[in-house]
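1. please find the sequence and the predicted model below.
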Amino acid sequence: MIPVALYGVDADMCERFFEVLPSLVTDAYEDRSYIESLYAVQADDSIEHVRIADQWSNRNPYAWPEDIVNEVEMVLRTTNYPDVSLLEHLMTLDGVDAQRISEWMHFSTNQFPIYSEKACETLQRMGLETPYRPDDIASYGLYVSRIEGLKLHAPAAGLPEIGLPRTRMLQLGLERFE
């Protein structure tokens, strides 16, 4: 049984989710693009992580002046999981929303989950208010806390240990859960 710490969660649905989660992510290693991008990330080169994440998600590469590049790098390096408040400043850049920032943070840290509308919908069905609002960094912060809550309260057998970030496994599982 999922502990009561996840207030409002539909415990039966959550238990069923963790029962089927391993089968929902069995093909995770078949996503070569994701794996190659994940393992291309090296050390503390935050701006390179942005390029890798943008390439993985088929986004146009950024074209920022050096002062903006430095600012982005500083924000990415100083943001600590699970706090997303420093990331709000990045939302002022053209073409940048919470979804894109989540991709940057995921590849930079392997801890932050990728913001996903389908995953938010599943969390909502589970009774966890998690709106998908890519124009609001606070909604991404709520999503991060929901994913963290699931990770912390997952049954021992609920999260497959397959060498990929646990947040990615939860995100994929939530997207695929019916």
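-> Nice, I can see it. Every value quoted in this text rests on a predicted model; they were computed, and no experiment measured them.
2. next, the buried residues of stretch 43-63.
-> 46, 47, 48, 49, 50, 52, 53, 54, 56, 57, 62 (16 or more other Cβ atoms under 10 Å). Every residue, glycine included, has its C-beta placed from N, CA and C.
3. look at the residue nearest to residue 103 when sequence neighbours are not counted and report its pLDDT.
-> Setting aside the residues directly before and after it, residue 103 is nearest to residue 53 in space (Cβ to Cβ, 6 or more residues apart in numbering), at 4.3 Å. With respect to pLDDT, residue 53 has a value of 97.
4. what's the answer for residue 3, then?
-> For residue 3, the model assigns a pLDDT of 52.
5. same question, residue 110
-> Per-residue confidence for residue 110 comes out at a pLDDT of 88.
6. try residue 150
-> At residue 150, the pLDDT value in this model is 86.
7. residue contacts, the residue nearest the centre of the chain?
-> Centroid check for the chain by Cα atoms, centre = their mean gives residue 113 as the closest residue, at 1.4 Å. Residues touching residue 113, when contacts are defined by Cβ atoms under 8 Å, 6 or more residues apart in numbering, comprise 102, 106, 119, 143, 144, 147, 167, 168, 170, 171.
8. could those go into JSON lines alongside distance to residue 26 and neighbour count?
-> What follows is the contacts of residue 113, written out as JSON lines (distance: Cβ to Cβ, whole Å; neighbours: other Cβ atoms under 10 Å):
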{"residue": "102", "distance to residue 26": "24", "neighbour count": "26"}
{"residue": "106", "distance to residue 26": "21", "neighbour count": "25"}
{"residue": "119", "distance to residue 26": "18", "neighbour count": "24"}
{"residue": "143", "distance to residue 26": "24", "neighbour count": "27"}
{"residue": "144", "distance to residue 26": "25", "neighbour count": "21"}
{"residue": "147", "distance to residue 26": "20", "neighbour count": "25"}
{"residue": "167", "distance to residue 26": "18", "neighbour count": "22"}
{"residue": "168", "distance to residue 26": "14", "neighbour count": "19"}
{"residue": "170", "distance to residue 26": "15", "neighbour count": "25"}
{"residue": "171", "distance to residue 26": "15", "neighbour count": "23"}
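9. what's the closest of the buried residues of stretch 43-63 to residue 135?
-> Nearest to residue 135, judged by Cβ to Cβ, of these is residue 57 at 17.3 Å.
10. once you drop chain neighbours, what's closest to that closest one?
-> residue 103 is the one closest to residue 57 (Cβ to Cβ, 6+ apart), at 5.3 Å.
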